[in-house]
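Participant: What would the 3D arrangement of this be:
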Amino acid sequence: MIVTPTIGRRAAAETIGTFWLVLGGCGSAVLAAGPPASIGALGVALAFGLTVLTMAYAIGHISGCHLNPAVTVGLWAGGRFPSRDILPYIIAQVIGALIASVVIYLIAAGIPSFDLASSGLAQNGYGEGSPGGYSLTSAVIAEVVLTAGFLLVILGATDGRAPAGFAPIAIGLALTLIHLISIPVTNTSVNPARSTGPALLVGGLALQQLWLFWVAPLLGGLAAGAIYRTIFAEMPRPDVSGMEKV
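Facilitator: Residues are numbered from 1 along each chain as shown. Sure thing, here's the model as predicted:
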């Protein structure tokens, strides 16, 4: 008999998984994007994708491996997640992201040239906070659309009609693609927890602009959940038991 893990265990899995996501993704941006490693934006995008892919196999069977409040809310909107578990999941995800941000800071501070105010922790932003100087409007569009696309991939890849066992690969590659598109725009959030961890430590502009990286991804997640549930969800077959044979 399969026993569903308790909410405590599922929340713990989400904390660990989100820690891994932020450590791998933001950590690669802070510690390896520049010299001597110089993996660049392509390497950072791949790092984010790999964190989701690996954790999906590690904890997907425990918590579903959301690692992201927008995913949790989107799955709820798609009829795949109970409302009672939304808040515990989001709290766990933010805690995991914050712990990972602290770990990244402690590692980065090991060299004298690192300065938190100027170097940052791969925080998200728009306008002055955008890597490419993109406007608030550009940031809103990118974050809403890309989060919605991400949720559609998640909902489709985890649908019971989809090929079994391949969902983590599709989801990881989708997150890689999203980062390749939007690193120059907002440093890529599509995940309020991922944005919150670095912003709480960096403060200043990152904290002032954090609201966008909650509002836009949550809107994108809600929209995708509603779209999938309305258009793509499997419809119940009609009951023909009472029909006369022709």
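Participant: which SS class is Gly125?
Facilitator: Here Gly125 is recorded as coil under DSSP: H, G, I helix; E, B strand; the rest coil.
Participant: can you count the residues close to the nearest residue to it once chain neighbours are set aside?
Facilitator: Distance criterion Cβ to Cβ, 6 or more residues apart in numbering; nearest residue to Gly125, sequence neighbours excluded, is Gln209 at 5.1 Å. (Glycine included, C-beta is placed from N, CA and C.) Counted with other Cβ atoms under 10 Å, the neighbours of Gln209 add up to 22.
Participant: residues contacting Gln209?
Facilitator: Asn124, Gly125, Tyr126, Gly127, Gly129, Ala199 (Cβ atoms under 8 Å, 6 or more residues apart in numbering).
Participant: Please check those and keep the buried ones.
Facilitator: Using 16 or more other Cβ atoms under 10 Å as the burial test, the contacts of Gln209 include Asn124, Gly125, Tyr126, Gly129, Ala199 as buried.
Participant: Just to check, the second one is in contact with Leu207?
Facilitator: It refers to Gly125. No. In this structure Gly125 lies outside contact range of Leu207 using Cβ atoms under 8 Å: 10.3 Å.
Participant: Model confidence score at Ser38, please.
Facilitator: Looking at Ser38, its pLDDT stands at 89.
Participant: That one: what secondary structure?
Facilitator: Going by three-state DSSP: Ser38 is coil.
Participant: In space, what's closest to it - neighbours in sequence excluded?
Facilitator: Using Cβ to Cβ, 6+ apart, the closest residue to Ser38 is Ala32 (7.7 Å).
Participant: Got the confidence number for that neighbour?
Facilitator: 95.
Participant: Identify the residues contacting Phe48.
Facilitator: Contacts of Phe48 by Cβ under 8 Å, 6+ apart are Leu21, Gly24, Gly25, Ser28, Leu175, Thr176, His179, Thr188.
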